[in-house]
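J.: attaching a predicted model along with its sequence, questions to come.
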Amino acid sequence: MARKEDEVRPNNALLEGKLIENFVSLQKVLTNLAVKLDSLSGQISKFLQLFEISAKSFAEKTSGGGEASEIQAGSPALANKIDALLEQNKTIARGLTLIEEKLRGNLRF
């Protein structure tokens with residue numbers, strides 16, 4: 001009986017070592033993913049700021065001569081494209097929110 005116990009202990013120790021190694025690797029991957037998501041969030045924030053600046057500039061240019069209504073009346077394609085962009089933006093925001101919620105759930109032990 002003593003021999004079987006001695007054989008089981010090294011296997012258990014080896015298994016525990018591999019489990020610890022895998023757990024540490026998983027933590028590194030999750031940390032890296034969290035850092036990359038944080039970076040992506042910052043980039044999207046800058047991208048949204050760019051849209052805000054563009055919208056303000058567009059509004060300032062068009063508010064002077066009433067060109068905004070002319071552009072919408074004369075070019076419904078532009079208005080449609082802007083609407084499509086807004087919908088895409090909402091979809092991307094929802095997706096990022098879901099990813100963040102999933103990651104935050106996985107990072108809690």
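T.: Now that the structure is in, tell me what you want to look at.

J.: could you use CA atoms for every contact and neighbour count after this?
T.: Noted.

J.: what is the helix or strand containing Leu85 packed up against?
T.: Using DSSP states H and E, Leu85 falls within helix 76-107. Applying 3 or more C-alpha pairs under 8 Å, 6 or more residues apart in numbering; DSSP states H and E, one finds that helix 76-107 makes contact with helix 2-63, helix 67-74.

J.: same list (those) but as TSV, adding mean pLDDT.
T.: Formatted as TSV, the helices and strands packed on helix 76-107 follow (pLDDT from 0 to 100):
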stretch	mean pLDDT
helix 2-63	84
helix 67-74	53
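
J.: quick one on the thing from earlier: what's the angle between the helix holding Leu85 and helix 2-63?
T.: 150 degrees (axes from the mean of the first three to the mean of the last three C-alpha atoms, to 10 degrees).

J.: helix 76-107: which residues count as buried?
T.: Buried residues in helix 76-107, defined by neighbour count with 16 or more other C-alpha atoms under 10 Å: Glu100.

J.: okay, the spatially most central residue of the chain and Ser45: tell me how far apart.
T.: The centre of the chain sits closest to Leu96, judged by C-alpha atoms, centre = their mean, with a distance of 4.0 Å. The gap separating Leu96 from Ser45 is 12 Å, by C-alpha to C-alpha, to the nearest Å.

J.: overlap in contacts of the two?
T.: Between them, Leu96 and Ser45 share no contacting residue under C-alpha atoms under 8 Å, 6 or more residues apart in numbering.

J.: number of nearby residues for Ala34?
T.: 16 (other C-alpha atoms under 10 Å).

J.: whoops, Arg9 was the one
T.: The burial count for Arg9: 11, using other C-alpha under 10 Å.
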